[in-house]
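Q: Sequence first, then the predicted structure:
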Amino acid sequence: MNHLNNDLQNLEEILNQVSQQGLDYLNDIHNRPTKSQIEVESISKLNENGLGTIETLRRFNERFEPTIVASSGPRYWGFVTGGTTPAAIAGDWLATVYDQNTQSAKGNGDVSATIELETVKLLLDLFNLPKDFFGGFVTGATISNFTCLAVARQWIGKQKDKDFAREGISGSVNVLSATPHSSAIKALSMLGLGSNNFIQIDVLPGNREALDIADFERKLISLNGEPFILISSAGTVNTVDFDDFEAINKLKEKYNFWWHIDAAFGGFAACSPKYAHLVKGWENADSITVDCHKWLNVPYESAIFLVKEKHQLFQVETFQNSNAAYLGNPLENFSYLNFLPENSRRLKALPAWFTLMSYGKTGYQEIVESNVKMAELFSKFIDENPHFQLLAPTRLNTVCFSLTNETLASDFLNKLNATGKVFMTATVYNGRKGIRAAFVNYRTTAADIELATNEMLQIVTEL
Ligand SMILES: *Cc1c(COP(=O)(O)O)cnc(C)c1O
């Protein structure tokens, strides 16, 4: 039997079954475990003639479907894990069906780059950022950090009359940061800047992760006017601390440096008038990283980079697909492939466009405020229960805590996660063994906090 032809005849049945399966998953997401205990044995022999989609779906459901965890559900608080809004799912499904390639140049009859440029503008509006940022979609905040820092690297070269993109790096490139995300350090390694080579700025005293502005100025003065890159934080992962962007901006007026902000999830503070002060002044940065698969609640893989338009030449010099003459002059003939790491890409912007259009500014303000409220509720429980203690004050949407008897923390977390009712991740904060619960899923309600804290109480009293 020719399975491909057969599948084409059967397309409606295939899509209906998949759609029904998606609905079943989403309708039951509150009950689905957040951790799987099932080990699946893998096969290594490919079937000679294939099975066709319906039979393949049956086999998938037999072997893997029961192991799929509710990571987009309301009680998956590990890492910083967003969910998927209905509109985002609609946009994502259509991105797959349309299968556009967003590298295509504008004006070549393909509208996908136009949708992407428009989505970036909508996001700038959501964040109250000025329109002098150019942006695009990449797979995650890691690659966004990489993209921004790659442009920063080219900028550094140009300050010394060098073209690092063509010649390779020569000399050392100074990078300063207080509490960089691990992925920014990974980017330094991928960019040839050296993950060991960043200069550590002190953090503020008093259980903070934000940079100490006085120490920053001391360290930059010791560079004797050498240009450098500052990686600053809009939301550290452990305690969601923010660097003081207004103070950094004052120094930027005096000294020559590239200012990058990793705002992977913390940038969403801008969506609420209650928390927008945390990012005050961020519009003056040269580049900003924002994840969409976290607080925007769109499916993986989605993030944007934002780089000031005035740096566009450095960006093109870094990413131009230069020896493909048929693609034209990158500055005259706009195509995303000359501005970011990938060449061919799916229409990554479409899920974000759908969700932004569907829920607007108020929708995202409500999601952010509701998640912060959930973090506060959970934090109150930790603070008031003698078995637990906060490792840092809860500043926004993440609670960093431990057991009063810290040596029991790993055992407790393993047992808690094994219940499949809630999922959190281990961390080390200030040399102490801790646990993080991050709230960025729009589905989480007070009932979920209650369910999770009841499990926690039962486990902690039986340790
Ligand atoms: C999650 C996160 C990253 C890395 O993001 P990915 O989407 O996993 O690549 C970088 N920085 C911060 C602050 C983050 O929270």
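A: Okay, I see it.
Q: Quick check: pLDDT value at residue 323.
A: Residue 323 carries a pLDDT value of 63.
Q: so how many other residues sit close to residue 251?
A: Close neighbours of residue 251, defined as other C-beta atoms under 10 Å, add up to 15. Every residue, glycine included, has its C-beta placed from N, CA and C.
Q: how close does the residue nearest to it when sequence neighbours are not counted get to residue 252?
A: Distances taken as C-beta to C-beta, 6 or more residues apart in numbering put residue 217 closest to residue 251, at 6.1 Å, once the chain neighbours are dropped. Distance, residue 217 to residue 252, using C-beta to C-beta, to the nearest Å: 11 Å.
Q: and what of residue 55?
A: Residue 55 is 61 Å from residue 252, by C-beta to C-beta.
Q: what about those two, which has more around it?
A: Legend: neighbour count by other C-beta under 10 Å for residue 55 and residue 252, higher for residue 252 (18 against 12).
Q: pLDDT score assigned to the closest residue to that one other than its chain neighbours?
A: What sits nearest to residue 252 in space, not counting adjacent residues and going by C-beta to C-beta, 6+ apart, is residue 259, at 5.7 Å. Listed pLDDT for residue 259 reads 98.
Q: how about the residues of this structure that lie near the ligand?
A: 80, 140-142, 181, 183, 235, 237, 262, 264-265, 291, 303 (C-beta under 6 Å from any ligand atom).
Q: Which of the residues you listed sits closest to residue 60?
A: residue 140 (25.3 Å; C-beta to C-beta).
Q: what about the closest residue to the closest one other than its chain neighbours, neighbour count?
A: Once flanking residues are discounted, residue 140 sits nearest to residue 303: 4.8 Å by C-beta to C-beta, 6+ apart. A count of nearby residues for residue 303, using other C-beta under 10 Å, gives 27.
Q: can you give me the strands in this structure?
A: Under the criterion DSSP state E, the chain contains strands at 133-138, 174-177, 198-200, 228-233, 257-262, 287-291, 303-308, 388-390, 398-403, 425-429, 432-438.
Q: Below-threshold pLDDT in the stretch 51-200 of the chain: ranges please.
A: 104-107, 109 (pLDDT under 70).
Q: coming back round to it: and the residue nearest to residue 251, how far is that from the ligand?
A: 24 Å (C-beta to the nearest ligand atom, to the nearest Å).
Q: neighbours of that residue, just the number please.
A: Neighbour tally, residue 217, other C-beta under 10 Å: 16.
Q: Residue 377 too?
A: Applying other C-beta under 10 Å, I find that residue 377 has 19 neighbouring residues.
Q: Which residue, other than its chain neighbours, is closest to it?
A: Nearest residue to residue 377, sequence neighbours excluded (C-beta to C-beta, 6+ apart): residue 449, at 5.0 Å.
Q: ok, back up a step: enumerate every residue touching the residue nearest to residue 140.
A: 137-141, 143-144, 264, 289-293 (C-beta atoms under 8 Å, 6 or more residues apart in numbering).
Q: what number of residues lie near the residue in the stretch 201-350 of the chain that the ligand sits nearest to?
A: Residue nearest to the ligand within the stretch 201-350 of the chain: residue 264 (3.3 Å; C-beta to the nearest ligand atom). When neighbours are defined as other C-beta under 10 Å, residue 264 has 29 of them.
Q: Next, the contact list for it, please.
A: Here residue 264 is in contact with 80, 141, 144, 181, 235, 289-291, 294, 303 (C-beta under 8 Å, 6+ apart).
Q: hmm, back to that, wait, the residue nearest to residue 377 sits on residue 374?
A: Yes: counting by C-beta atoms under 8 Å, residue 449 touches residue 374, with 6.0 Å between them.
Q: Centre-most residue in this structure?
A: Nearest residue to the geometric centre of the chain (C-alpha atoms, centre = their mean): residue 291, 3.2 Å.
Q: what's across from that residue in the sheet?
A: residue 303 (DSSP bridges).
Q: dump the residue contacts of residue 240.
A: Residues near residue 240 by C-beta under 8 Å, 6+ apart: 266, 395-398.
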